[in-house]
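J.: Turn this into a model:
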Amino acid sequence: MQAFPTSFQRDLADLMRWRRDVRRFRTDPVDEALLRQCLDAFLMAPSVGLSEPWRVIRVQSETARHAALENFKAANAEALAGYDGDKAKLYAGLKLTGMENAPVQLAVFCDGSTGKGAGLGAATMPETRRYSVVSAINLFWLAARARGIGVGWVSILDPGKLCRDLDAPDDWTLVGYLCVGWPEETSDTPELEQAGWDARRGHLPIETR
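T.: Numbers count the residues shown, from 1 in each chain. Predicted coordinates:
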């Protein structure tokens, strides 16, 4: 297998280090050709059995965006109620979505009934199809970051309601709601770490059996 030059390896490490979850976006539009270049990363992603189960809905209408934002607000209020004391106060001050300003918003689903790949690798572990979608999202994220575009993953949502609001097929499962656009600022430190919510581990725990 080909090894890439050391300079490329350093650049790749920097790209992964600076790939942050963006929640503060400028409202400037993203050029469609540039967005398409990033989305093409989905076509290079690995998938179990070559099933390519990812499905994407671009959330663009005012009605759809309003429904998604209201969904987040309700789920966020419920999440806040699960904390108390200092943690609740800290949670209440966190900015957990860029849905208000992000010019591009994508709902990414897994098609659990796809016939592509003929079920290879998914019969015993059907969740590997969803893992494949996550892998594709990560490649898209890196492709966007390499071009200076930010991505934020909104997970504080009621997935069933969002599927209904977007009229997604019954056999599609929501994997990620992505906000995409030009970040107000960039940092190599996660915003949650900056806010004091938690800290990133300095090492990878590995067990031996």
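J.: what about the most centrally placed residue in the chain, helix or strand, and which?
T.: Most central in the chain under Cα atoms, centre = their mean is residue 153, positioned 3.6 Å from the mean C-alpha point. Assessed by DSSP states H and E, residue 153 sits inside strand 150-154.
J.: Which residues does the helix-or-strand element of the chain with minimal mean pLDDT contact?
T.: Averaged element by element with mean pLDDT, DSSP states H and E, the chain has its least confident helix or strand at helix 191-195 (a mean of 93). Helix 191-195 is touched from outside by 20, 21, 23, 90, 93, 94, 95, 187, 198, 199, 200, with contacts defined as Cβ atoms under 8 Å, 6 or more residues apart in numbering. (Glycine included, C-beta is placed from N, CA and C.)
J.: got a winner among those residues for most neighbours?
T.: With neighbours defined as other Cβ atoms under 10 Å, the most crowded of the contacts of helix 191-195 is residue 23; it has 23 neighbours.
J.: Which pLDDT value goes with the nearest residue to that residue once chain neighbours are set aside?
T.: Counting by Cβ to Cβ, 6 or more residues apart in numbering, residue 98 is the residue found nearest to residue 23 once chain neighbours are left out, at 4.5 Å. Reading off the confidence values, residue 98 has pLDDT 97.
J.: can you tell me how far residue 98 sits from residue 163?
T.: Here residue 98 is placed at a distance of 21 Å from residue 163 (Cβ to Cβ, to the nearest Å).
J.: Mind checking which of these two has more residues around it?
T.: The neighbour comparison of residue 98 against residue 163 (other Cβ under 10 Å) goes to residue 98, with 24 against 18.
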